[in-house]
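Chemist: Kindly generate the corresponding structure for this input.
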Amino acid sequence: MSEIICQTTELCKNYKNFHVLQNVNFSINRGEIYGLVGENGAGKSTLIRILTGLAFKSSGIITLFGKTDYLQHERTKIGCTIEMPALYKDMTAKQNLEIQRVQRGIPDQKCISKTLELVGLNNTEKKKVNNFSLGMKQRLALAVALLGEPEFLILDEPVNGLDPTGIIELRELLKKLAQENHVTILISSHILSELNQLATCYGFLHHGKLLKQITAEELNEECKRHIKLKTDDTKKTVTVLEEQLKIKNFSVYPDNFIRIYEKLEETHTISKTLSSNGIVVEEMSVQGEELETYFENLIGGRRYV
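Modeler: Numbering: from 1, shown residues only. Purely as a prediction, here's the structure:
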């Protein structure tokens, strides 16, 4: 049975007569990458602030690491980038992390160089934060969150300011943290196409209500998302898919197109494996309803902002 890291039960947040969150029930298992989806004003930031102790709930129950009381200690296991941390602009990245390390009582100084290398800032040396690009500041904010090796990482719009290469590197880093280190990650992002390549589970928030919680596999099934593949040797391709790539959920159509309904984020691996077996890939693309369209339909066809 999966270990639940974070759970809310009938969570509500009210400001006078305005209901920001209404009876939100959701749960995140250890090692999951949970994509929190919602338009501006849906309550995403409020939910995240309550989980991290930056705001108080009006009612309901919050469970962190199996505990419902005295959550201050449990929150020490959480790293977050909800708001840009207070960075000393006249100091280097290393100096900023040293201050964070001392303030949080982390004894091992080696964690600083290790964390900077993890986020790709190990070569900034004497460069002051004031001269950092927005993307570099985003990386430093992530480094602050990762300092001390948290078990639960909460990221609010983590790809803001990153160039395409930086986005890819961040994506691979988060996948590694989840898969190898079993770090549980909650991501709120407006870039739904990026969430689609990361999340293993989704929560759709609209006007303070959690409309749906669904796994990536269930979402792909509902959206009928698949890899559309055509090669110069359909029969040999099927053999490689089954025996080498261990793919079972696929269909072969009369026009020799193959539709693969699993491992949708592994097109590069599939293409590389087919090529290494002498198979020419003539066409390969991921098709089906996109996450943006799915969300728009879920909330009644209104435009996602």
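
Chemist: okay, CA-based contacts and neighbour counts for the rest of this
Modeler: Noted.

Chemist: Give me the average confidence score over stretch 282-289.
Modeler: What stretch 282-289 shows for mean pLDDT is 88.

Chemist: Would you mark the buried spots in it?
Modeler: Across stretch 282-289, burial judged by 16 or more other CA atoms under 10 Å covers M284, V286.

Chemist: swap in stretch 248-261?
Modeler: Under the neighbour-count criterion of 16+ other CA under 10 Å, stretch 248-261 has F250, F257, I258, R259, I260, Y261 buried.

Chemist: Columns distance to K137 and secondary structure on top of those, output as a markdown table?
Modeler: Below are those laid out as a markdown table (distance: CA to CA, whole Å; DSSP: H, G, I helix; E, B strand; the rest coil):
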| residue | distance to K137 | secondary structure |
| --- | --- | --- |
| F250 | 43 | strand |
| F257 | 45 | coil |
| I258 | 44 | strand |
| R259 | 42 | strand |
| I260 | 39 | strand |
| Y261 | 38 | coil |
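
Chemist: Considering those, which is situated nearest to I48?
Modeler: Y261 (32.8 Å; CA to CA).

Chemist: How many neighbouring residues does the closest residue to the closest one other than its chain neighbours have?
Modeler: If the residues on either side of it in the chain are set aside, Y261 comes closest to H226, at 4.7 Å by CA to CA, 6 or more residues apart in numbering. By the criterion of other CA atoms under 10 Å, H226 has 21 neighbours.

Chemist: quick one, phi/psi of H226?
Modeler: With angles defined as degrees, to the nearest 10, H226 shows backbone torsions of phi -160, psi 160.

Chemist: Per-residue pLDDT of it, please?
Modeler: For H226, the predicted pLDDT is 88.

Chemist: can you pull up the bridge partners for it?
Modeler: As for beta bridges, H226 partners with Q287 under DSSP bridges.

Chemist: So it versus K209, what's the distance?
Modeler: 30 Å (CA to CA, to the nearest Å).

Chemist: quick one: low-confidence parts of the protein?
Modeler: Residue ranges of the chain with pLDDT under 70: 1, 83-85, 161, 301-305.

Chemist: Show me where it has its strands.
Modeler: 4-15, 18-29, 33-37, 59-64, 78-81, 152-156, 184-188, 201-206, 209-215, 226-231, 250-252, 258-260, 281-287 (DSSP state E).

Chemist: Just give me how far the fifth one sits from the chain centre.
Modeler: To tie it back to what came earlier, the one meant is strand 78-81. 13 Å (CA atoms, centre = their mean, to the nearest Å).

Chemist: quick one: contacts of it?
Modeler: 52, 141-142, 144-147, 150-156, 158 (CA atoms under 8 Å, 6 or more residues apart in numbering).

Chemist: Same question for the third one.
Modeler: Residues outside strand 33-37 that contact it (CA under 8 Å, 6+ apart) are 28, 44, 178, 184-190, 192, 195, 198-205.

Chemist: That strand pairs with which strands, and in what direction?
Modeler: Here, using DSSP bridges, strand 33-37 pairs with strand 184-188 (parallel), strand 201-206 (parallel).

Chemist: Looking at these, which one is packed in the most?
Modeler: strand 184-188 (a mean of 24; mean count of other CA atoms under 10 Å).

Chemist: Between strand 152-156 and that one, find me the angle.
Modeler: Strand 184-188 runs at 10 degrees relative to strand 152-156, counting by axes from the mean of the first three to the mean of the last three CA atoms, to 10 degrees.

Chemist: neighbour-wise, which of the contacts of strand 78-81 leads?
Modeler: F152 (28 neighbours).

Chemist: Check the spacing between that one and N131 real quick.
Modeler: Taken as CA to CA, the span from F152 to N131 is 30 Å.

Chemist: residues in contact with N14?
Modeler: V20, L21, S58.

Chemist: can you rerun that using 6 Å?
Modeler: By CA atoms under 6 Å, 6 or more residues apart in numbering, N14 lies in contact with V20.

Chemist: For it, list each beta-bridge partner.
Modeler: Going by DSSP bridges, N14 forms beta bridges with H19.

Chemist: heads up, I number from 18, so please use that
Modeler: Yep, numbering from 18; the last one is N31 now.

Chemist: Starting from S76, give me the distance back to it.
Modeler: For N31, the distance to S76 - CA to CA - is 9 Å.

Chemist: With L209 instead?
Modeler: Distance from L209 to S76, by CA to CA: 30 Å.

Chemist: which one of those two has more residues nearby?
Modeler: L209 (19 against 15).

Chemist: ok, that one to L215 distance?
Modeler: 10 Å.
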